[in-house]
Structures are given as structure tokens and as C-alpha cells.
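Q: I'll drop the sequence and a predicted model, then ask my questions.
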Amino acid sequence: MSQHLLAIGTVKGLFLAHSPDRRSWQLTEPKFLMNAVYAVAVDPRNQRLLVSATSEHWGPSVFSSDDLGRTWQEPTGGSLSFPAEAGAALERVWQLTPSPSEPGVVWAGSQPSALWRSEDGGAHFSLVHSLWEHPHRPLWGAGYGGQAIHTVLPHPTDPARLLVAMSTGGVYRTEDGGRSWEPSNAGVKAYFLPDPWPEFGQCVHKVARDSGDPDRLYLQNHHGVYRSDDDGRTWNSIADTLPTDFGFTMLAHPGRGGVAYNWPITADAERMPPGRACRVYRTEDAGRTWSPLTAGLPQEQYFDVVLRDAMCADDAEPAGVYFGTRNGEVYASADEGDSWSLVAGHLPSVLCVRAAVVEEA
């Protein structure tokens, strides 16, 4: 039987919400209690759930479930750790991304900024040495939330092509399966640096790939919203019709090319929504114009924000869109953002959300 699954990662654990129709939701008790859950993935190939959970006592690890979250496994010794010669310790895993073109392959992005590859469905990960040993790495800085690779975008059909983004450092791309990496930040501004147009060093917050054109990308920067039509080689601003160019989220519609979602924040020094209203912005023309989506969302005296991985979409028809906030609210739309309803409130601060249609026994 098909069910809608919404995974909600918070600073105090993982909550799973189930719904037969995306109108009413049943929330589980938290898993990984008192662990900060920074990343969740639902692998569409086998419905495996992957979770990055960070314990203040035991540190970070990646856990997997093959029964939609009823039970969880962790390999003896953990899923990933830096080799001794790297001279680094894993602080947390920020991103988990199954490869759409390579069975069994899962990518992970971590803090400190490193890329990891698993070939056994996310049970064990190996450090991608070519990016870790890149000559730019000693110059990558730390954003407000730390130094981390938070975006990993495999190409949907070509396993040799992969894009990562980090804060700070910017966007890096490989076209040879990870043997070599090049910065890809032309046109992205870093206003906080002496040279505002550097080769690398940008504080990128999130990148999303268009579902209709895999070479089209959308980027939310630390002040700046951009689109690339050449797989990240060059970028152009698409912020003109947004109320502000600051924010953390960027989400591409899973099945409609040219459609993307953004959750603007007033500024880096004023982390509240513009006009004190909760508004998701949607473009249906690849960023040329943006329109606010407000039905069902609070529009007065609203001070919350949405973090970079706390917005997602499912693969239903029409697509569902979801977001969670720092104050522990989770909203859902079953009509691609036209209207919204509250899934849960009073949760711990939401770090990430992921949604999928699953088959339950």
C-alpha cells in the first residue's frame, strides 16, 4: 500500500510522519533521541533510509534502515572516518545523496569540507582524496554554521559528472569521475572579500538541479540568487523579483522543468522573513520571475527561518512541497505550493526534511 513518508531531522532527533493522502499526518516518537540529525536520504531504488546523527557524546555517524525506520543499523566502527594521514576528525555529516545513475553508490558531504563515496548503499564510505587534497582546500574558510560540503549533486545520467558546494569555498565540479576538480563560481559574488569576484571562496548556501534540463542549476548564495545554464561553469543573477537575495534554501521541482522554490530571509544581519510574513516563493520560468505562495501560512508577526536542507519535495503527482523551521513547525503542500497546512508544531529546531512515496507492507 502506498503511503507518504516525511522524515524530519531536528536538533533532538528524527521524527517520521506518515500520511495516506497528505492531508492528515501521524507523527512517530523521535528516533536517535538527543542526536542532531543534519541529513536524511530516502533512496528511491530500494526505499532505504539513511540518517546522519550526531551525538554530543559519541560523535557523528550514518545509520540505515531497510524497513522505513522501524529498525536501524550502524556498521561496527562506524560508517565513515578520516584516515590517520588526513590529520582531521569528522565533526558531522551534512549531506547524503544516492547516485541516480550508479546502483549502490551514495555520496556524503561532511564538516570539515570533505566528500565521501559509498558503494554499498551507504553502509561504508571512503574519503574522496582528490578533493581533500585539492590545493585550494587550506584556503577554504568557515561560514557561520561551520566549514562543510552541504550540497552534492550527481548528474542524473552521467556518473563522471558531479557538483559539490560548500560554505565557504563555493562550487566545485568534476567531469572525470572525481579524479580532478575545478572551482565553478564565475558570476557569483562574495561581497565580504576584498575581491568580490574571486575564483573560489564564496559562501554558497544551497544548489539545486533543474528536473527538465540537467545543465540548469539554481543557487542561493550568502546574498545572491543565481542560475547557471551550463552545469555551473557560469552564473547569472535571478534575484530581481525576489524581496531579498539572502536565504538558505533552494529547491527544484522534481518533475517540472523551470520550476523552483525559495524561502527568502531579509539579510545576513536580520535573519527574519521580509515583512514578518511566512512566504515561499516559486518561479515557473527558471527564475525570471518569482511569486509568493501564502495560502495557509502565517502572515503577521512571523520571525522564523528555514535552513538550507529544511525544504523538500516528494515524487507524487501533483508534487508535495514541505518545509520545517527553526522554531519547530513543519508545513506541507499537496498542490505544489498553492496552499499549505501544518503537519507538526512545537518540535525541536528543524535541520532537514525529506519526503517520498513509499510502499508499506
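A: Cool, got the structure.
Q: Share the number of residues neighbouring the residue lying closest to residue 187 once chain neighbours are set aside, please.
A: Spatially, and ignoring its direct neighbours in sequence, residue 187 is nearest to residue 235 (3.8 Å; CB to CB, 6 or more residues apart in numbering). From N, CA and C alone the C-beta is placed, and that goes for glycine too. Counted with other CB atoms under 10 Å, residues neighbouring residue 235 total 26.
Q: tell me the centre residue of the chain?
A: residue 309 (3.6 Å; CA atoms, centre = their mean).
Q: For the closest residue to it other than its chain neighbours, list the residues it contacts.
A: Spatially, and ignoring its direct neighbours in sequence, residue 309 is nearest to residue 352 (3.9 Å; CB to CB, 6+ apart). By CB atoms under 8 Å, 6 or more residues apart in numbering, the contact set of residue 352 is 8-9, 37-40, 307, 309-310, 324.
Q: In strands, which of those appear?
A: 8-9, 37-40, 324 (DSSP state E).
Q: can you list the weak-confidence ranges in the stretch 151-300 of the chain?
A: Of all residues in the stretch 151-300 of the chain, none has pLDDT under 70.
Q: Would you report the backbone torsion angles of the nearest residue to residue 122 once chain neighbours are set aside?
A: Excluding its sequence neighbours, the residue lying closest to residue 122 (CB to CB, 6+ apart) is residue 106, at 4.1 Å. For residue 106, the backbone dihedrals (degrees, to the nearest 10) come out as phi -130, psi 140.
Q: The residue nearest to residue 309: which element?
A: strand 350-359 (DSSP states H and E).
Q: Please export the C-alpha coordinates of that strand as PDB.
A: Output of strand 350-359 as PDB, limited to C-alpha atoms (Å, rounded to 0.1, in the frame of the first residue of the first chain):
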ATOM      1  CA  VAL A 350      14.300  21.500  12.300                       C
ATOM      2  CA  LEU A 351      17.500  20.900  10.400                       C
ATOM      3  CA  CYS A 352      16.400  18.900   7.400                       C
ATOM      4  CA  VAL A 353      13.300  17.400   5.800                       C
ATOM      5  CA  ARG A 354      12.900  14.700   3.100                       C
ATOM      6  CA  ALA A 355       9.800  13.200   1.600                       C
ATOM      7  CA  ALA A 356       8.900  10.300  -0.600                       C
ATOM      8  CA  VAL A 357       6.000   8.000  -1.700                       C
ATOM      9  CA  VAL A 358       6.800   4.500  -0.200                       C
ATOM     10  CA  GLU A 359       5.200   1.100  -0.300                       C
END
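Q: in this structure, which spans are helices?
A: 129-132 (DSSP state H).
Q: quick revisit: just the pLDDT for the residue nearest to residue 309.
A: According to the predicted model, the pLDDT of residue 352 comes to 98.
Q: From residue 130, how far out is it?
A: 27 Å (CB to CB, to the nearest Å).
Q: next one: residue 286
A: With CB to CB as the criterion, residue 286 and residue 130 are 32 Å apart.
Q: ditto for residue 191
A: Distance from residue 191 to residue 130, by CB to CB: 30 Å.
Q: Over to residue 43?
A: 25 Å.
Q: who does the residue nearest to residue 122 bridge with?
A: residue 98, residue 118 (DSSP bridges).
Q: ok, it touching residue 93?
A: No. Residue 106 is beyond contact range of residue 93, at 11.1 Å (criterion: CB atoms under 8 Å).
Q: the more surrounded of residue 43 and residue 130?
A: Using other CB under 10 Å, the more surrounded residue of residue 43 and residue 130 is residue 43, with 20 against 15.
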